[in-house]
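Novice: I need the structure of the sequence given here:
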Amino acid sequence: MDTLPSISTVPSLTADERAAILDRLFEPCVPLHTLSVELLGDKSFQNYDELINSIGVQLTDLAESTSTSDSKWLDSILAAHPRLGDTAESVQSSIEQSHLHAESGDDGMSLSELNALYEKKFPGLRYVVFVNGRARNVIKQDMTQRIERGDAHLERLEAIKAMCQIAADRARISS
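Specialist: Numbering: from 1, shown residues only. Now for the predicted structure:
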C-alpha cells in the first residue's frame, strides 16, 4: 500500500484492509491489529492524525494499566519496531534509518551494543525513537540517557509517543 486510502473510507474497509493501514503507519503487528482494527471500523476520523492519536490513547491505556497481561500486550506492540541499526523488515523503517548506517567516524558504543544494553535494562522492551533525520550520535546520546534514567514506565510512554510521531510522518508522506 503506497498511498493511504481516503480517511473517510476507513470505517467501510475490510478488517484486512484496516490492518494494512496499521501496518503502513506503524509496523506489521498482529497484537496491534487485535487492539485497533475494530476501532478503525467503529469510528470515523477527520484525518489520519486523529486516527493515530486515537491509537495512541489505546496504547497509553495499556501503559497505564496495572494488568501484567496489558503490559505484555503493549510490549509486544512496541517490539514490532526494528532495532536501530539492524536490518529493518519494513521498507519504511529501512528508509527512515538509512542514514544511521551511512555515518562514519562515530565514537563510543555501537547501536547494536546500546540496543543490547537497553534491552537488558528494560526486558521485553525495544528502544523506539522518531529518528527524523537526526544524526546517529544524537540518537545514541538519547538512548544512553534513557538507559541511565532506568524508568520502564516512562520508556513505554516515550515509545508510544515515538510510534505516533513515526506514524504521523508516514501518513504525511503516504497521503
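Novice: L51 against P11, yeah?
Specialist: No. Here L51 does not reach P11: they are 10.5 Å apart, not a contact under C-beta atoms under 8 Å. Where you see a C-beta, it was placed from the backbone N, CA and C, and this is true even at glycine.
Novice: Averaged pLDDT, the helix or strand hosting M163. What do you get?
Specialist: Using DSSP states H and E, M163 falls within helix 152-174. Across helix 152-174, pLDDT averages out at 95.
Novice: in it, what's buried?
Specialist: 152, 155-156, 158-171, 174 (16 or more other C-beta atoms under 10 Å).
Novice: Can I get stretch 63-83 in PDB, CA atoms only?
Specialist: Extracted C-alpha coordinates of stretch 63-83, given in PDB (Å, rounded to 0.1, in the frame of the first residue of the first chain):
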ATOM      1  CA  ALA A  63       0.700   1.500  29.600                       C
ATOM      2  CA  GLU A  64      -1.300   2.900  32.500                       C
ATOM      3  CA  SER A  65      -3.000  -0.400  33.200                       C
ATOM      4  CA  THR A  66      -1.900  -2.400  36.300                       C
ATOM      5  CA  SER A  67      -2.600  -5.600  34.500                       C
ATOM      6  CA  THR A  68       0.500  -7.700  33.700                       C
ATOM      7  CA  SER A  69      -1.200  -9.000  30.500                       C
ATOM      8  CA  ASP A  70      -1.800  -5.400  29.300                       C
ATOM      9  CA  SER A  71       1.900  -4.600  29.800                       C
ATOM     10  CA  LYS A  72       3.000  -7.700  27.900                       C
ATOM     11  CA  TRP A  73       0.500  -6.900  25.100                       C
ATOM     12  CA  LEU A  74       1.900  -3.300  24.900                       C
ATOM     13  CA  ASP A  75       5.500  -4.600  24.900                       C
ATOM     14  CA  SER A  76       4.700  -7.000  22.000                       C
ATOM     15  CA  ILE A  77       3.400  -4.000  20.000                       C
ATOM     16  CA  LEU A  78       6.400  -1.800  20.900                       C
ATOM     17  CA  ALA A  79       8.700  -4.700  19.900                       C
ATOM     18  CA  ALA A  80       7.300  -4.700  16.400                       C
ATOM     19  CA  HIS A  81       9.600  -1.700  15.600                       C
ATOM     20  CA  PRO A  82      13.000  -2.800  14.400                       C
ATOM     21  CA  ARG A  83      16.100  -2.200  16.500                       C
END
